[in-house]
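**Student:** I'll drop the sequence and a predicted model, then ask my questions.
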Amino acid sequence: MRFLFEDFCLDAERRELTRGSQLVAVGPKVFDLLLYLVCNRDQVVTRDDLLTAVWQGRIVSESTLTSHVNAVRRAVGDSGKEQRLIRTISRKGMRFIGQVRQDEVSATAVDARSHSHSSAGDQRPTLSLPDAPSVAVLPFRNLSGDPGQDYFADGVVEDIITALSRIGWLFVIARNSSFTYKGRTVNEQQVGRELGVRYVVEGSVRQSANRVRITGQLVDATTGTHLWADRFEETIDDLFELQDQIATSIVGVIASQLERAEIDRARRKPTGNLSAYDHYLRAMPHLHRGTRDAIDEASLLFQKALSLDPSFASAHAMAAWCYCLRKINGWMTDQSLEFTEGIRLARSAIELGRDDAVALTRAGHTLAHLAGDLEGAVALLDRALLLNPNLAAAWFLGGFLRVLRGDPESAIDFFTRAMRFSPLDPEMFRMQAGMAMAHLFAERFELALSWAERSFRQLPSSGFVVLIIIASHALAGRMEQAKDAAAHLLKLHPAFRMSDLENWIPIQRPEHRATFKKGLRLAGLPE
């Protein structure tokens, strides 16, 4: 797809910006930012939209974002004062306002080139997209110069396909269909039409001496837009272990990027044309923000999803988990009523989603907190991991359950796996909070503090995390910092008392409760 405005041509497939016959030099992020603005020119784009789409949700300084926006303006000759093409909307964001024409010639030409490598009889009919998000993983190119290394590249791709197939909300093209493209020069949009998928994953493998480098990229096949690209480089010790490790790392990132792409797509839909799944997707960014208001908004959207589809197991589970978060953070206003509703939703999720790993994970964790069924919750999350061993949420929430049950060392292993499976996860601050609590109970107070402060930087309003910071400082002998953190907690929760701790966090082992309370007591929190 090419986008034409003024005398510029923005070629999404070639990833080139030209002015007349001259190529305009732009960096990858600058190109992605301009492409995102042009593709979303019918709406105001917020700072959060740009961070999600261009930086995949990573924390980026305001100066970095500003410098990239300025680079886009320079590339298209648009000064900040004139704002001929990119208009800043005060306190809202920005919008591309230039007149744009879309040109399919580029895609057609590429299709023609790719078909020239095969017979006319090899062309395939166009398939419609399924209702679910859909993806095809193409064979990775072997760049090692040794055809004997094909088996390693093929093995990585097969592992990726298998792992993605375990994600219940995702439609994945089978290996036999994907591998018909092996050795062929193809265009992602052509593949999307022929296989009937919205997303395509492709990559390459290069092996030299004792190292392997794998590159991968995720493309929206409906537009040709590159959503993510990265490389993974490892030393070869055990080739099959390396294959598993690399496939796991790639799957974690791809799953996260696919969810973000689907969320972004749902947010662009007109509100009068939303399905239950669209409401579910729109709720997820609120859930990830984690503030009290955001959780309330997520809860409303999950309830709207359920009103449209009462059998939507994952929506039941997520709505239940909103109550769980309200309990953990001390936000409940009518505990009896909210416990009852949260438990009802969780049990409905389990009944409807016996083979839904997401539903079992969130519902199980909810029942541990609201129904006090810790062992039953562990069993549910273990089943979720059997269904989808790559589900980061099942690993980190399973870690929390093991901390509460009194096994911090096992919990640390679970949190570590979660972070490996999804290194860019929007719920990373929750994983960090869990890691902090595990180290606190293991009496490694400096490590507990380090993890808690990382989580706090993303969500300063989390009373749960502040409690860990207070106890860690106090037990490490830093009383002034502990008292400062205690003052912050009382600003968030003026009515907090030590006796509230067990209502917030159901810690099973008496010695762990004693450690936690000792730290809070040293900091001077009221009994």
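**Tutor:** Everything's here; your move.

**Student:** And for residue 383, nearest residue in space, chain neighbours not counted?
**Tutor:** Across the structure, with CB to CB, 6 or more residues apart in numbering as the measure, the residue nearest residue 383 apart from its sequence neighbours is residue 360 (5.7 Å). In short, each C-beta sits where N, CA and C put it, glycine included.

**Student:** Tell me the secondary structure at that neighbour.
**Tutor:** helix (DSSP: H, G, I helix; E, B strand; the rest coil).

**Student:** And the pLDDT for it?
**Tutor:** At residue 360 the predicted local distance difference test score is 95.

**Student:** I figured it hits residue 384, correct?
**Tutor:** Yes - applying CB atoms under 8 Å, one finds residue 360 in contact with residue 384, separated by 4.2 Å.

**Student:** Who has more neighbours out of these two?
**Tutor:** For residue 360 versus residue 384, neighbours defined as other CB atoms under 10 Å are more numerous around residue 360 (31 against 28).

**Student:** Spit out the contact partners of that one.
**Tutor:** Shown in contact with residue 360 (CB atoms under 8 Å, 6 or more residues apart in numbering): 317, 349, 350, 353, 354, 380, 381, 383, 384, 387, 394.

**Student:** Also residue 264?
**Tutor:** The neighbourhood of residue 264, defined by CB under 8 Å, 6+ apart, consists of 49, 52, 53.

**Student:** The last one and residue 268: what is the separation?
**Tutor:** Pointing back at residue 53 there. The gap separating residue 53 from residue 268 is 11 Å, by CB to CB, to the nearest Å.

**Student:** Who has more neighbours out of these two?
**Tutor:** In terms of neighbours (other CB under 10 Å), residue 53 is the more surrounded of residue 53 and residue 268; the figures are 22 against 11.

**Student:** what helix or strand does that one sit in?
**Tutor:** Residue 53 belongs to helix 47-54 when assigned by DSSP states H and E.

**Student:** Of all the residues in the helix or strand that that helix is followed by, which ones are buried?
**Tutor:** Beyond helix 47-54 on the C-terminal side, the first helix or strand identified by DSSP H and E is helix 62-75. Applying a neighbour-count criterion of 16 or more other CB atoms under 10 Å, one finds 65, 68, 69, 71, 72, 73, 75 buried in helix 62-75.

**Student:** ok, now stretch 33-50?
**Tutor:** Neighbour counts over stretch 33-50 (16+ other CB under 10 Å) mark 33, 34, 35, 36, 37, 38, 39, 40, 41, 45, 49, 50 as buried.

**Student:** Out of those, which sit inside strands?
**Tutor:** Cross-referencing the buried residues of stretch 33-50 with the strands (criterion: DSSP state E) gives no overlap at all.

**Student:** Next, format these as JSON lines and append pLDDT.
**Tutor:** As requested, those are exported to JSON lines (pLDDT from 0 to 100):
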{"residue": "33", "pLDDT": "90"}
{"residue": "34", "pLDDT": "92"}
{"residue": "35", "pLDDT": "91"}
{"residue": "36", "pLDDT": "90"}
{"residue": "37", "pLDDT": "92"}
{"residue": "38", "pLDDT": "91"}
{"residue": "39", "pLDDT": "89"}
{"residue": "40", "pLDDT": "88"}
{"residue": "41", "pLDDT": "87"}
{"residue": "45", "pLDDT": "88"}
{"residue": "49", "pLDDT": "82"}
{"residue": "50", "pLDDT": "85"}
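
**Student:** distance between the host helix or strand of residue 299 and the chain's centre?
**Tutor:** Residue 299 is part of helix 292-308, with elements assigned from DSSP H and E. Relative to the chain's own centre, helix 292-308 is displaced by 19 Å; criterion: CA atoms, centre = their mean, to the nearest Å.

**Student:** Whatever helix or strand comes next after it packs against which elements?
**Tutor:** Sequence-wise, the next helix or strand downstream of helix 292-308 (DSSP H and E) is helix 313-328. If you count contacts as 3 or more CB pairs under 8 Å, 6 or more residues apart in numbering; DSSP states H and E, helix 313-328 packs onto helix 276-289, helix 292-308, helix 335-352, helix 357-370, helix 501-504.

**Student:** if we compare those helices, which one ends up closest to residue 492?
**Tutor:** Among those, the nearest to residue 492 by CB to CB is helix 292-308 (9.5 Å).

**Student:** And the contacts of the closest one?
**Tutor:** Outside helix 292-308, the residues within contact range by CB under 8 Å, 6+ apart are 275-277, 279-280, 282-284, 286-287, 312, 315-316, 318-319, 322-323, 325-326, 329, 331, 461.

**Student:** Poorly predicted segments of this protein, please.
**Tutor:** Low-confidence segments of the chain, defined by pLDDT under 70: 21, 56-60, 79-82, 104-127, 148, 237-240, 271-273.

**Student:** Which single helix of it contains the most residues?
**Tutor:** The single longest helix within the chain, with elements called by DSSP state H, is helix 239-268.

**Student:** quick one: that helix to chain centroid distance?
**Tutor:** On CA atoms, centre = their mean, the centre of helix 239-268 falls 8 Å from that of its chain.

**Student:** What of stretch 187-204?
**Tutor:** 21 Å.

**Student:** what does stretch 389-404 give?
**Tutor:** Put simply, stretch 389-404 sits 16 Å off its chain's centre (CA atoms, centre = their mean).

**Student:** quick one, helices of the stretch 51-200 of the chain?
**Tutor:** With DSSP state H, counting those that start in this stretch as the criterion, the stretch 51-200 of the chain has helices at 62-75, 105-115, 150-165, 175-178, 188-195.

**Student:** Contacts for the fourth one next, please.
**Tutor:** I take that to be helix 175-178. 136, 137, 138, 139, 157, 158, 161, 195.
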